[in-house]
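J.: missing the sequence, but the structure's below:
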């Protein structure tokens, strides 16, 4: 193998590109817009394994979080990696305890806190005495744009952005490269499709149907606020985290299902106002702080909720890497995929092969953010 083409310069594509290049193979990355401009930009970017099931998928996310820590040491933090943990509180105490106990049994770092101690960790948070509180000290968040830039900064990686791939170039049942919308052709011994929710558009013409779920997600970025939140918070009805320069990133899974882009009847402006209302309930100092930017992300979610990673059935040399929890999984998936592309055997990804979609996938509940 002398050259690999990676279609998509989000976190998954960038991580695969770097890991392949580190094995001495030239990598050409093609991006329709600009690096990290798609799903990677509109993500909560939470590195974690909280709530991930089944056990094998949980373990893969644990490995992904560990790989982030290793990567931060290798590349240098450069402000893209933000440890500090995840503080979660709820009045559904029994359910939260069951969740905490399961994570403890599986060896995941988690602490049960009294509300008074939780308030010491986050003084601006309104955590009532009747709440149950869990703290996951190993969780983190990342700045996807900065991380993608660091991953693509490798002498073996070239990036061509601003032009879309129109089709996979195949002959005799094997991929030969990609054809671009402007007429260019880039040849490669292997092509990795890492375009998230847009992957089916490239795969359908070569005879493979990848069933994806329509699952948009709303994120709201506030203007700088005079508060000192230092980690990820999951409070009743709202998830938030710092996003630099005093800004907060807000999200709520229940609102995602009701917004108009998801087929609901809740206008985006009303959803954003509800996010602010919920935030003001659980954080002091938010009165009058408006939202600066809203983003609607497209989750890369297959019909069964699990990743699709591996050879594309029926097309030698074509490889697929699409998944929800892409932020958490990107570094570990990059390493595993690079090994497979150069012929190093492994079975970690066997449960996530695209070939399982030869029969229709069964829809599962949405996994946790991240």
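T.: Cool, the structure landed. Not measured: the values here are computed from a predicted model.
J.: which phi and psi does residue 83 have?
T.: Phi and psi for residue 83, reported as degrees, to the nearest 10, are phi -70, psi 180.
J.: run a quick neighbour tally on it.
T.: By other CB atoms under 10 Å, 15 other residues sit near residue 83. All C-beta spots, glycine's among them, are computed from the backbone N, C-alpha and C.
J.: not counting sequence-adjacent ones, nearest residue to it?
T.: residue 140 (4.5 Å; CB to CB, 6 or more residues apart in numbering).
J.: go on, residue 201?
T.: residue 195 (7.8 Å).
J.: torsion angles phi and psi at the one you found?
T.: Dihedral angles for residue 195 - degrees, to the nearest 10 - are phi -100, psi 20.
J.: wait, what's in contact with it?
T.: Residues in contact with residue 195 (CB atoms under 8 Å, 6 or more residues apart in numbering) are 7, 8, 10, 13, 32, 38, 201, 202, 322.
J.: my guess is the first one contacts residue 38. True?
T.: No. Counting by CB atoms under 8 Å, no contact exists between residue 7 and residue 38, whose distance comes to 11.8 Å.
J.: just to revisit the earlier point, any idea how far residue 29 is from the residue nearest to residue 201?
T.: To residue 29, residue 195 is 12 Å away according to CB to CB, to the nearest Å.
J.: quickly list what the residue nearest to residue 83 is bridged to.
T.: residue 47, residue 83 (DSSP bridges).
J.: so what's it up against?
T.: 46, 47, 48, 65, 68, 69, 81, 82, 83, 84, 85.
J.: what is the burial count for the second one?
T.: Looking back up the chat, that one is residue 47. For residue 47, using other CB under 10 Å, the count is 28.
J.: related to what we said a few turns ago, distance of the residue nearest to residue 201 from residue 313?
T.: Residue 195 is 18 Å from residue 313, by CB to CB.
J.: again with residue 296
T.: 32 Å.
J.: next step: the contacts of residue 195 restricted to strands.
T.: 7, 322 (DSSP state E).
J.: return a ChimeraX selection command for the buried portion of the contacts of residue 195.
T.: In ChimeraX, this line selects whichever of those come out buried by 16 or more other CB atoms under 10 Å:
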select :7,8,10,13,32,38,202,322
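J.: pop the domain breakdown of this protein in here.
T.: Domain assignment for the chain, taken from automatic domain parsing, gives 3-45+145-212+303-358, 83-139+214-298.
J.: pick the most buried one from those.
T.: domain 3-45+145-212+303-358 (a mean of 20; mean count of other CB atoms under 10 Å).
J.: can you give me the end-to-end distance of it?
T.: Here the two ends of domain 3-45+145-212+303-358 are set 29 Å apart, with distance taken as CA to CA, to the nearest Å.
J.: relative to the whole chain's centre, how far out is stretch 33-52?
T.: 3 Å (CA atoms, centre = their mean, to the nearest Å).
J.: repeat that for stretch 115-131.
T.: 29 Å.
J.: tell me the contacts of the closest residue to residue 256 other than its chain neighbours?
T.: Of all residues not flanking residue 256 in the chain, residue 217 sits nearest, at 5.0 Å (CB to CB, 6+ apart). By CB under 8 Å, 6+ apart, the contact list for residue 217 reads 42, 43, 44, 251, 256, 296, 297, 298, 299, 369.
J.: residues in contact with the second one?
T.: Contact partners of residue 43, counting by CB under 8 Å, 6+ apart, are 144, 217, 219, 297, 326, 327, 369.
J.: need the three-state assignment for the residue lying closest to the fourth one once chain neighbours are set aside.
T.: In space, and not counting its chain neighbours, residue 297 is closest to residue 42: 2.9 Å by CB to CB, 6+ apart. At residue 42 the chain is in coil, as set by DSSP: H, G, I helix; E, B strand; the rest coil.
J.: residue 42 and residue 196, how far apart?
T.: For residue 42, the distance to residue 196 - CB to CB - is 10 Å.
J.: for the two, list the residues in contact with both.
T.: residue 298.
J.: in terms of helices and strands, where is residue 29?
T.: Per DSSP states H and E, residue 29 falls inside strand 26-31.
J.: quick one: list the elements packing against that strand.
T.: strand 3-7, helix 11-21, strand 157-161 (3 or more CB pairs under 8 Å, 6 or more residues apart in numbering; DSSP states H and E).
J.: what are the pairing partners of that strand, and which direction each?
T.: With DSSP bridges as the test, strand 26-31 pairs up with strand 3-7 (parallel), strand 157-161 (parallel).
J.: any chance of these in JSON lines, plus mean pLDDT and distance to residue 188?
T.: As requested, these are exported to JSON lines (pLDDT from 0 to 100; distance: least, CB to CB, whole Å):
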{"stretch": "strand 3-7", "mean pLDDT": "97", "distance to residue 188": "4"}
{"stretch": "strand 157-161", "mean pLDDT": "97", "distance to residue 188": "12"}
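J.: reformat the ones you listed as JSON lines; add distance to residue 120.
T.: JSON lines is the format used below for the strands paired with strand 26-31 (distance: least, CB to CB, whole Å):
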{"stretch": "strand 3-7", "distance to residue 120": "46"}
{"stretch": "strand 157-161", "distance to residue 120": "45"}
